[in-house]
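[1] curious how this folds, go ahead:
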Amino acid sequence: MDWNRQQHSPMPSHRYRDIFAKVPVEPIDREWPDRRISTAPLWVPVDLRDGNQALAEPMDPERKRTFFELMVAIGYKEIEVGYPSASQTDFDFVRMLATSDLVPADVTIVVFTPARPDLIARTVESVAGMRGDVVIHMYAATAPVWRDVVLRRTQDELASMIYAGSEEILRLAGDSVRFQFSPEVFNLTEPDYVLELSDHLTKQWDATPERPVILNLPATIEAATPNVYADQIEYMHKNLPRRDGVILSVHPHNDRGAGIACAELAVLAGAQRVEGCIFGNGERTGNVDIATLALNLHAQGVDPMIDFSEIDRIRDVVEYCTRMPIHPRHPYVGELVYTAFSGTHQDAIRKGFAVQGPGVWEVPYLPIDPMDVGRGYEAVVRVNSQSGKGGIAHVLESAYGVRLSSEQEREFAQHVQRHTDGTGREASAKELKALYEEVFGCSN
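    Numbers count the residues shown, from 1 in each chain. Okay, here's the model as predicted:
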């Protein structure tokens with residue numbers, strides 16, 4: 001039974017260890033595989049901080065303002081707006097928000113700071129007078145390699161640094177803000193160490209259901225299959241002290257290409273809040289794409305709580321602000337994601353449209369109605385050398401009202417095939433109409 005003839009590659013895979021050799025993954029009685037997502041988590045876009053840091057040309061104030069206004073307009077209620085101690089541009093942007101009427105009363109502003117007293121002071125200064133709720137988000141890298149190589153601190157020394165930072169936020173900001181902590185690279189950190197830090201911080205910050213503390217658990221470097229991250233999140237969910245006073249948050253990256261799956265399984269495992277970027281910008285392979293996550297819920301019949309009904313306008317703003325194009329195959333927003341060139345797909349879509357009524361959406365190959373996100377149907381079927389008679393007939397009928405008999409469909413498809421093979425490119429509706437008139441000597 002020699003059906004798999006793959007050979008060993010020359011790549012040095014022996015230099016790498018799986019996650020189970022790097023960090024304890026505590027055994028749990030898993031409940032997440034049997035759960036379903038029935039409500040949207042709290043979405044928190046970090047485009048203006050984390051996404052901005054990943055740009056070759058960081059956003060100028062006008063672009064940051066445009067992006068912020070977009071986020072508010074489509075319904076985000078908690079937005080991380082910057083790293084005020086990192087640059088004057090970020091500080092000035094946060095001050096502009098604090099001194100203007102751009103922030104609605106129901107929108108929470110989040111600002112980011114390392115656990116360093118001088119930078120915490122600068123951060124607190126930036127949000128003075130901010131309208132509405134403010135979250136100060138403190139972070140420190142906690143994984144062993146970061147502790148040993150980057151920070152050169154023991155577990156106890158790092159914990160002391162974190163506790164000093166949390167005390168400084170409490171001293172300077174007190175009741176004027178809410179608190180968030182991220183143990184950066186959580187997914188490669190010893191779980192008991194994260195629990196120890198969480199116990200101290202939630203006690204120090206007096207976490208209660210009325211004023212919850214956000215504990216954000218990042219997969220800063222995606223390092224395992226998504227089920228492992230889900231296990232790590234469920235372990236924390238079940239063992240966190242003062243759990244009813246904690247908002248459990250996740251921040252997946254996409255280094256293994258599974259950021260979406262990590263976030264969805266983390267929500268099944270108990271996460272209540274998801275940080276990411278609209279369309280997935282971020283360092284390396286990016287942060288998790290919270291637009292795709294939201295529209296995945298929509299496609300399952302769950303209200304995403306964010307309005308993507310004008311997705312092309314949203315894409316235009318994101319591309320303008322980031323100066324980065326969005327791939328044509330990007331889920332939901334890409335130029336080609338509702339388009340079929342293949343003949344078998346086109347035939348199925350055409351037949352689906354013929355019977356689709358106003359009720360439940362069930363058109364083959366189209367997981368959602370393109371109209372939901374502001375797209376039309378004119379680009380759903382496009383014709384090239386891979387297309388079939390059904391797709392060709394669909395384009396003529398939808399664009400010009402020309403209906404072909406079954407015999408005409410078969411005959412005309414052969415002419416179109418020769419045309420597209422000869423040109424090597426797509427045939428537009430206008431070209432198909434001209435070819436139809438040439439072949440059949442008539443026009444409608």
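[2] report the contact partners of residue 67.
    47, 48, 59, 317, 318, 321 (C-beta atoms under 8 Å, 6 or more residues apart in numbering). Heads up, the C-betas are built off the backbone N, CA and C, glycines and all.
[3] which of the residues you listed sit farthest apart?
    Farthest apart among the contacts of residue 67 by C-beta to C-beta are 48 and 317. That separation is 12.7 Å.
[4] neighbour-wise, which of these two wins?
    Applying other C-beta atoms under 10 Å to residue 48 and residue 317 shows that residue 48 carries more neighbours, namely 27 against 19.
[5] quick one: that one and residue 61 touch, right?
    No - under the criterion of C-beta atoms under 8 Å, residue 48 makes no contact with residue 61, lying 11.1 Å away.
[6] confidence-wise, which helix or strand of this structure is lowest on average?
    The weakest-scoring helix or strand in the chain, judged by mean pLDDT, DSSP states H and E, is helix 389-400 (a mean of 79).
[7] which of the residues in that one are buried?
    For helix 389-400, burial by neighbour count (16 or more other C-beta atoms under 10 Å) applies to 389, 390, 391, 392, 393, 394, 395, 396, 398.
[8] ok, the second one to residue 419 distance?
    The one in question is residue 390. According to C-beta to C-beta, to the nearest Å, residue 390 stands 17 Å off from residue 419.
[9] point out where the stretch 1-150 of the chain drops to low pLDDT.
    Low-confidence segments of the stretch 1-150 of the chain (pLDDT under 70): 1.
[10] where do the helices of it begin and end?
    Under the criterion DSSP state H, counting those that start in this stretch, helices of the stretch 1-150 of the chain are mapped to 52-53, 61-74, 88-98, 117-126, 144-145.
[11] what's around residue 56, how many residues?
    By other C-beta under 10 Å, 7 other residues sit near residue 56.
[12] quick one: the strands in the stretch 251-400 of the chain?
    Secondary structure of the stretch 251-400 of the chain (DSSP state E, counting those that start in this stretch): strands located at 273-276.
[13] next: the stretch 1-150 of the chain.
    Per DSSP E, counting those that start in this stretch, the stretch 1-150 of the chain carries strands over the ranges 42-45, 78-82, 108-114, 134-141.
[14] turn the ones you listed into TSV, including mean neighbour count and distance to residue 298.
    As requested, the strands of the stretch 1-150 of the chain are arranged in TSV below (neighbours: other C-beta atoms under 10 Å; distance: least, C-beta to C-beta, whole Å):
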stretch	mean neighbour count	distance to residue 298
strand 42-45	23	13
strand 78-82	25	20
strand 108-114	23	24
strand 134-141	22	27
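[15] nearest to residue 349, of those?
    So among those, strand 42-45 is nearest, using C-beta to C-beta, at 31.0 Å.
[16] quick revisit: tell me the one of the contacts of residue 67 nearest residue 340?
    Nearest member of the contacts of residue 67 to residue 340, counting by C-beta to C-beta, is residue 318, at 25.6 Å.
[17] please verify my assumption that the closest one contacts residue 326.
    Yes - between residue 318 and residue 326 there is a contact under C-beta under 8 Å: 7.0 Å.
[18] more neighbours: the two, which one.
    With neighbours defined as other C-beta under 10 Å, residue 318 and residue 326 compare such that residue 318 has more, 22 against 18.
[19] got the contact list for residue 181?
    When contacts are counted by C-beta under 8 Å, 6+ apart, residue 181 touches 137, 138, 139, 162, 166, 197, 198, 201, 213, 214, 215, 216.
[20] one step back: between residue 48 and residue 61, what contacts are shared?
    Shared contacts of residue 48 and residue 61 (C-beta under 8 Å, 6+ apart): residue 93.
[21] just the buried residues of the helix or strand following the least confident helix or strand of the chain, please?
    In the C-terminal direction, the helix or strand that comes right after helix 389-400 (DSSP states H and E) is helix 406-423. For helix 406-423, the neighbour count (16+ other C-beta under 10 Å) marks 408, 409, 412, 413, 415, 416, 417, 419, 420 as buried.
[22] wait, which of those residues is closest to residue 276?
    Nearest to residue 276 among the buried residues of helix 406-423, with distances taken as C-beta to C-beta, is residue 420, at 40.2 Å.
[23] list the buried residues in stretch 159-179.
    Counting neighbours by 16+ other C-beta under 10 Å, one finds that the buried residues in stretch 159-179 are 159, 161-162, 165-166, 168-170, 172-173, 177-179.
[24] same thing with stretch 309-324?
    In stretch 309-324, counting by 16+ other C-beta under 10 Å, buried: 311, 314, 315, 317, 318, 321, 322, 324.
[25] got CSV for the residues you listed, with pLDDT and distance to residue 18 too?
    Output for the buried residues of stretch 309-324, formatted as CSV (pLDDT from 0 to 100; distance: C-beta to C-beta, whole Å):
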residue, pLDDT, distance to residue 18
311, 98, 38
314, 98, 38
315, 98, 37
317, 98, 40
318, 98, 35
321, 98, 38
322, 98, 34
324, 97, 32
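[26] okay, the residues you listed in TSV with distance to residue 342 next?
    Formatted as TSV, the buried residues of stretch 309-324 follow (distance: C-beta to C-beta, whole Å):
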residue	distance to residue 342
311	24
314	28
315	25
317	32
318	29
321	35
322	32
324	29
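[27] of the residues you listed, closest to residue 300?
    Comparing the buried residues of stretch 309-324 against residue 300 with C-beta to C-beta picks out residue 311 as the nearest, at 17.7 Å.
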